[in-house]
Each structure stands twice: as structure tokens, then as C-alpha cells.
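1. Mind folding the following:
(one chain, ligands or ions: 2)
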Amino acid sequence: MEIIHKQKSCYEIFKDELNKIDSFAKEYINFLNNCKTERETVKWIEDRLIERDISSDSSKSIFYRKFKDKSIIVVRRGKRLLKQGTRIIGAHLDSPRLDFKQHPIYENTYLAMVKTHYYGGIRKHQWFSIPLAIHGVVVKIDGTKVNIKIGEDPKDPVFVIPDLLPHLAYKQNDKKLSKAFEAEKMNAIIGSMPYLEEEEVEDKIKFAVLSILSQKYSITEEDLYSAELQFVPAYQAKFVGLDNSLIGGYGQDDRICVFCGVKSFLDQEVPEYTQVLVGWDKEEIGSEGATSARSRFIEYVLEEIIDIWGENCHLSEVFLNTKAISADVHAALDPDYQDLHDKLNASKLGYGPVFCKFTGHRGKVGANDANAEYIAFLRHKLNKKNIPWQMAELGKVDEGGGGTVAKFLARYGMDIIDFGPGILGMHSPYEISSKYDLYATYLAYREFYK
Ligand code: MN
Ligand code: MN
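-> Numbering: from 1, shown residues only. Ligands and ions are numbered 1, 2, ... in the order given. The predicted structure follows:
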């Protein structure tokens, strides 16, 4: 019996598996570049399922339900009865970004601009003077859906919110950071060339931009009211560091957990317990709305399978015996801001996925606080297979805080804990993860499902 707990790093445990880790990481990088919105991520998951002949046909032992193209649940029937519970891994598909306002395009001075309303917890100053891409859908009055993605192809233009030049920023520099950058000044440039053909048109630059949209996508200004358009960083995900050990990219909170969840789900045999994989939307704005973790979507799907599989049990039995992972990222110890972490209880990149027993803020307010019994169960499972993991909290007590979907699932009485890799620069346009943690998270989720 080891009296003292010695934490092992992924580097020691995986030293002979570098090739496997590299190819897994490359696939992940490719996934990040293809999935920058919740809709794109749902589509990517659906495509992976279809590749494996998994459909929405619920007469099969494995099938999926998609909800409004922004949320998805996949289930695989286990050998045991449903009333003995399920194994759920749930991650969120949305990431912080800049949404178009409903009246977005206007002309000011000599430019055409787009008004934005930020989505989720961003640090505003990080979004100025960086290349942005437009992703989203426009739904026309006849119901036709136009998918838009501009700024990802090397031939595409990008969009920019220009930052103030230092020469004129003296006053801004003296302001508090929370006051220095105003949301209403986060307007992106979308054009500058006037439309010269028509004398009568008032805003010639705005008109020129709308003409391009109309030519390219057959949409009008009114169509933009029934649209979900988002500015996301146009950056490509890449390896970071001379040793290629880290991964930089947008939206890793929480798509790193989505990716590991999907990969681990697809790698399963017929399991003991029914497996459920969930991708939710709207986590970054408090899990409100029909496609969020607070919606009844998961209840509907479980009620449906109780019915289809002809099991005579209550939904409450299924929930009460379920074990779940709230698959979400954690804040890794930042070398420049170590003072904000309690180092003894901080997570380190390269040491495996992080159990976060509770989230919340100031005295655990608003937290799911996972049961000790459940943590022992999970520790046992991972240690048996020598899969690295760590135990941490987000930062020093009273320094800040946050929440995840865990508490919304805990209400059903299931066992649940937050468990996912650490990230540096979380919610920034270019988040950093470790390819070792990525791989360890996948192994850990796979083991959990077994
Ligand atoms: Mn998250
Ligand atoms: Mn987040």
C-alpha cells in the first residue's frame, strides 16, 4: 500500500505510445477546424454515426436523436435492465463567440460594419484585431436553410474588429479593464466599397455588401432576422511548442470533451449498462433554452427507450441508478498567474483529465458536489487500467468560479462529477490543451463506459 500519493504524468505512462497519441491528436485538430459552432459539431457527430451505420432507427440497439440541429443524444442498449441505470457522458457543443445582432449590417463613416452581441463569458479585449470567420445559418421565409461559412478556406476573406491604435489609447489605457472595452464597440468590418451603379441608393457601401450576400446566397436584409450568424476566430488549430506536445485552437471548451466522448462511445462492445452520449447547447449562457442541459430532451429520450425496449420501469429508477460524467474542461495551472491558483489543488497540463468534485463560487455556492462514494468508484476503475487522472479545483477560494451542466443532471439523483482535461487560456480565441491529456481523457471515458 502506497501511503503517500505520487502523481504520475502522462509522459511516463504513455512513453511508448507517442505514435498513437500523435495520430489521435491530428484527427482532433482536424475536428476542431471543422467544428466551430454547435450546429457544425452536431453535423460532425451525425456523420461519424452514419459512417458506422448508426441511424435514428430506434428498432436497433444503438440509435440517435437529434434536437433542432443543436443538441444530440446517442444510446446503446446494455445487457442489464434499464432500471439498473445507465452510463451517461455529456459535453457541451457551444463555445464563446460573437453573435450577429438581429439588425446587424450598417454603414458608418466610410465602412460597412456588423453589430455583434457576445455569447458566453469572453474577455472582450481578446477579440480585437484578430481574423474572424462567419459561420451560421440563414433561414428564408420559405423555410430554406442557407449554411454560411466564410473565412476558413485559404481563398476566403476574413473579418476584423479593429483595435484602437496605441497613439490614441492614452485615455483607454487608464480605464479599468472591465470598462475599457465596450460591447457596443465590438463591430466588425464587412466591406468598404460603395455601389456606384445606382444613384438613388442612400447607404452605398451597405448596399454593396447586401448585394454580394444576395448574389452569393440569394438572401435579403430581412432574411438576416431569421438567422444565427456568428463570428468565430478564423485561426486554424495547430500543435503548439517545439516538441508538438500541446494543441492550440478555438472552442476546445468543450469540444475536446465532445471529441473524446464520441471516440470513446464508438469504441465500445455490447456493454453491461446502457450507454448514453449527450451533446448539449447553450452551456456557455447558463444552460437555458430548449437545446440546453436544463431542457427535458434527455427525459424524453429515456422515456422513449423505456417504451420501445418494453421495460416496465419508472423513469425515476433509471435516473436514480445512473452514473454520469459531466465532460467539461478545467482551468490548468497558468505559469504567469500561479498566484490565482491554490497550487496544491490546481491541475497541470500533461497529468491527465481532471476530476472537479465541485464548481461554484464563494463557499461552493451553486455547485454540484460529487459524492465521495462515486469518486472512489471512478478512482478504482481508472487505477485498475493505469489511466492517469488528477483531482483539482478551479482556482483559489474566493478568486472566482464557474459552473457546468453537472448540477442540472444531479437533480435527477444520478451520481455525477465534472471530469475533463485542463486548458490554458480558456474562453480565449486560441485555447491550449495537451495532446497527452486529450488521449488520457479518451481512455478514461472509454473505461467509464465499459
Ligand atoms: Mn465548458
Ligand atoms: Mn466554458
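2. which bits of this protein sit near ligand 1?
-> 253-254, 328 (CB under 5 Å from the ion). For glycine as for every other residue, the C-beta is placed from the backbone atoms N, C-alpha and C.
3. Which of those fall in helices?
-> 253-254 (DSSP state H).
4. In a helix, residue 213, correct?
-> Yes. According to DSSP: H, G, I helix; E, B strand; the rest coil, residue 213 belongs to a helix.
5. ok now do the closest residue to it other than its chain neighbours, which residues does it touch?
-> Of all residues not flanking residue 213 in the chain, residue 219 sits nearest, at 5.5 Å (CB to CB, 6 or more residues apart in numbering). Neighbour list for residue 219: 138, 140, 146, 213 [criterion: CB atoms under 8 Å, 6 or more residues apart in numbering].
6. and the gap between residue 219 and residue 158?
-> Distance, residue 219 to residue 158, using CB to CB, to the nearest Å: 20 Å.
7. before we move on, the earlier item: am I right that the residue nearest to residue 213 is in a helix?
-> No. According to three-state DSSP, residue 219 belongs to no helix; its state is coil.
8. what's the pLDDT at it?
-> You'll see residue 219 listed with a pLDDT of 97.
9. need the longest helix for this protein.
-> Per DSSP H, the chain has its longest helix at helix 18-34.
10. From the contact counts, what lies against that one?
-> For helix 18-34, the packing partners by 3 or more CB pairs under 8 Å, 6 or more residues apart in numbering; DSSP states H and E come out as helix 38-51, strand 238-240, strand 246-249, helix 252-266, helix 435-449.
11. Could you export the last one as CSV, CA atoms only?
-> The one in question is helix 435-449. What follows is helix 435-449, C-alpha atoms only, in CSV (Å, rounded to 0.1, in the frame of the first residue of the first chain):
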residue,chain,number,x,y,z
LYS,A,435,-2.3,16.1,-26.6
TYR,A,436,-1.4,13.7,-23.8
ASP,A,437,-4.4,14.8,-21.7
LEU,A,438,-6.5,14.5,-24.9
TYR,A,439,-5.5,10.9,-25.2
ALA,A,440,-5.8,10.1,-21.5
THR,A,441,-9.3,11.6,-21.5
TYR,A,442,-10.4,9.4,-24.3
LEU,A,443,-9.1,6.3,-22.5
ALA,A,444,-10.7,7.4,-19.2
TYR,A,445,-14.1,8.0,-20.9
ARG,A,446,-13.8,4.6,-22.7
GLU,A,447,-13.1,2.9,-19.4
PHE,A,448,-16.1,4.6,-17.7
TYR,A,449,-18.5,3.4,-20.4
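12. can you pull the buried residues of it?
-> By neighbour count with 16 or more other CB atoms under 10 Å, helix 435-449 contains the buried residues 435-446, 448-449.
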